[in-house]
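Engineer: turn this into a model:
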Amino acid sequence: MSDLWALFPAYFAAHVELSLAALALATAIAVPLGVVAAQRPRLGGALLGTAGVIQRIPGLALLALMVPLFAAIGVFTARHFGIEVRAIGAGPALVALVLYGILPILQNTVTGLRGVE
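Structural biologist: Numbers count the residues shown, from 1 in each chain. Next up is the predicted model:
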(Lines give C-alpha, C1' and ligand atoms only; values in the text may rest on other atoms or scores of the structure.)
Protein backbone atom coordinates (compact mmCIF):
# COMPACT_ATOMS: atom_id res chain seq x y z
CA MET A 1 0.00 0.00 0.00
CA SER A 2 2.84 2.41 0.74
CA ASP A 3 4.13 1.85 -2.81
CA LEU A 4 0.86 3.21 -4.13
CA TRP A 5 1.11 6.31 -1.94
CA ALA A 6 4.56 6.96 -3.36
CA LEU A 7 3.01 7.20 -6.85
CA PHE A 8 0.23 9.55 -5.74
CA PRO A 9 2.06 12.91 -6.22
CA ALA A 10 3.07 12.08 -9.79
CA TYR A 11 -0.42 10.86 -10.71
CA PHE A 12 -2.02 13.88 -9.06
CA ALA A 13 0.30 16.26 -10.93
CA ALA A 14 -0.51 14.52 -14.24
CA HIS A 15 -4.23 14.81 -13.49
CA VAL A 16 -3.96 18.52 -12.72
CA GLU A 17 -1.87 19.14 -15.87
CA LEU A 18 -4.40 17.32 -18.03
CA SER A 19 -7.31 19.21 -16.47
CA LEU A 20 -5.62 22.61 -16.87
CA ALA A 21 -4.64 21.87 -20.47
CA ALA A 22 -8.23 20.89 -21.28
CA LEU A 23 -9.56 24.03 -19.60
CA ALA A 24 -7.12 26.24 -21.51
CA LEU A 25 -7.97 24.62 -24.85
CA ALA A 26 -11.71 24.72 -24.20
CA THR A 27 -11.45 28.41 -23.31
CA ALA A 28 -9.36 29.16 -26.40
CA ILE A 29 -12.03 27.50 -28.56
CA ALA A 30 -15.24 28.58 -26.80
CA VAL A 31 -14.59 32.28 -26.11
CA PRO A 32 -14.03 33.28 -29.78
CA LEU A 33 -16.99 31.10 -30.79
CA GLY A 34 -19.06 32.79 -28.08
CA VAL A 35 -18.17 36.24 -29.37
CA VAL A 36 -19.26 35.23 -32.88
CA ALA A 37 -22.39 33.53 -31.53
CA ALA A 38 -23.38 36.63 -29.58
CA GLN A 39 -23.10 38.78 -32.70
CA ARG A 40 -24.94 36.34 -35.00
CA PRO A 41 -27.95 34.76 -33.26
CA ARG A 42 -28.69 32.16 -35.98
CA LEU A 43 -25.13 30.88 -35.95
CA GLY A 44 -25.15 31.09 -32.16
CA GLY A 45 -28.15 28.79 -31.98
CA ALA A 46 -26.42 26.24 -34.17
CA LEU A 47 -23.19 26.43 -32.15
CA LEU A 48 -24.99 26.09 -28.83
CA GLY A 49 -27.09 23.23 -30.19
CA THR A 50 -24.02 21.35 -31.44
CA ALA A 51 -22.20 21.87 -28.15
CA GLY A 52 -25.32 20.71 -26.30
CA VAL A 53 -25.47 17.49 -28.32
CA ILE A 54 -21.82 16.76 -27.54
CA GLN A 55 -22.50 17.47 -23.86
CA ARG A 56 -25.32 14.89 -23.82
CA ILE A 57 -22.99 12.01 -24.74
CA PRO A 58 -22.00 10.16 -21.55
CA GLY A 59 -18.32 10.47 -20.63
CA LEU A 60 -17.52 6.78 -20.88
CA ALA A 61 -19.24 6.54 -24.25
CA LEU A 62 -17.29 9.54 -25.53
CA LEU A 63 -14.03 7.93 -24.45
CA ALA A 64 -15.16 4.69 -26.11
CA LEU A 65 -15.74 6.63 -29.34
CA MET A 66 -12.30 8.21 -29.05
CA VAL A 67 -10.45 4.86 -28.98
CA PRO A 68 -11.24 3.75 -32.55
CA LEU A 69 -10.88 7.34 -33.80
CA PHE A 70 -7.42 7.69 -32.28
CA ALA A 71 -6.48 4.17 -33.44
CA ALA A 72 -7.30 5.16 -37.03
CA ILE A 73 -5.40 8.43 -36.65
CA GLY A 74 -2.47 6.48 -35.18
CA VAL A 75 -2.36 4.09 -38.16
CA PHE A 76 -2.51 7.01 -40.61
CA THR A 77 0.18 9.07 -38.90
CA ALA A 78 2.45 6.05 -38.44
CA ARG A 79 2.26 5.16 -42.13
CA HIS A 80 2.63 8.64 -43.55
CA PHE A 81 4.63 10.59 -40.98
CA GLY A 82 6.27 8.00 -38.76
CA ILE A 83 4.53 9.43 -35.69
CA GLU A 84 2.78 7.11 -33.27
CA VAL A 85 -0.52 8.28 -31.78
CA ARG A 86 -1.85 6.04 -29.02
CA ALA A 87 -5.53 5.13 -28.92
CA ILE A 88 -5.66 4.99 -25.12
CA GLY A 89 -4.10 7.56 -22.82
CA ALA A 90 -3.90 11.29 -22.35
CA GLY A 91 -4.79 12.21 -25.96
CA PRO A 92 -8.34 10.84 -26.03
CA ALA A 93 -8.92 12.03 -22.47
CA LEU A 94 -7.78 15.54 -23.39
CA VAL A 95 -10.07 15.68 -26.42
CA ALA A 96 -13.04 14.42 -24.38
CA LEU A 97 -12.42 16.94 -21.60
CA VAL A 98 -12.11 19.79 -24.11
CA LEU A 99 -15.37 18.77 -25.78
CA TYR A 100 -17.11 18.69 -22.40
CA GLY A 101 -15.67 22.06 -21.40
CA ILE A 102 -16.79 23.96 -24.48
CA LEU A 103 -20.55 24.16 -23.73
CA PRO A 104 -20.46 25.90 -20.33
CA ILE A 105 -17.83 28.40 -21.46
CA LEU A 106 -19.69 29.05 -24.72
CA GLN A 107 -23.05 29.52 -22.94
CA ASN A 108 -21.61 31.89 -20.38
CA THR A 109 -19.74 33.91 -23.00
CA VAL A 110 -22.88 34.33 -25.11
CA THR A 111 -25.02 35.19 -22.07
CA GLY A 112 -22.48 37.68 -20.79
CA LEU A 113 -22.07 39.45 -24.12
CA ARG A 114 -25.80 39.60 -24.79
CA GLY A 115 -26.35 41.10 -21.34
CA VAL A 116 -23.99 44.00 -22.02
CA GLU A 117 -25.18 46.93 -24.11
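
Engineer: centroid residue for the protein?
Structural biologist: The structure's the chain has its C-alpha centroid closest to residue 98; by C-alpha atoms, centre = their mean the separation is 1.2 Å.

Engineer: next up, the contacts around it.
Structural biologist: 22, 25-26, 29 (C-beta atoms under 8 Å, 6 or more residues apart in numbering). Heads up, the C-betas are built off the backbone N, CA and C, glycines and all.

Engineer: what about the helices in the chain?
Structural biologist: 2-39, 41-56, 59-80, 90-114 (DSSP state H).

Engineer: buried deepest among those helices, which one?
Structural biologist: Among those, helix 90-114 has the highest mean neighbour count (mean count of other C-beta atoms under 10 Å), at a mean of 18.

Engineer: quick check: phi and psi on residue 58?
Structural biologist: With angles defined as degrees, to the nearest 10, residue 58 sits at phi -60, psi 150.

Engineer: mind checking pLDDT for it?
Structural biologist: As predicted, residue 58 sits at a pLDDT of 90.
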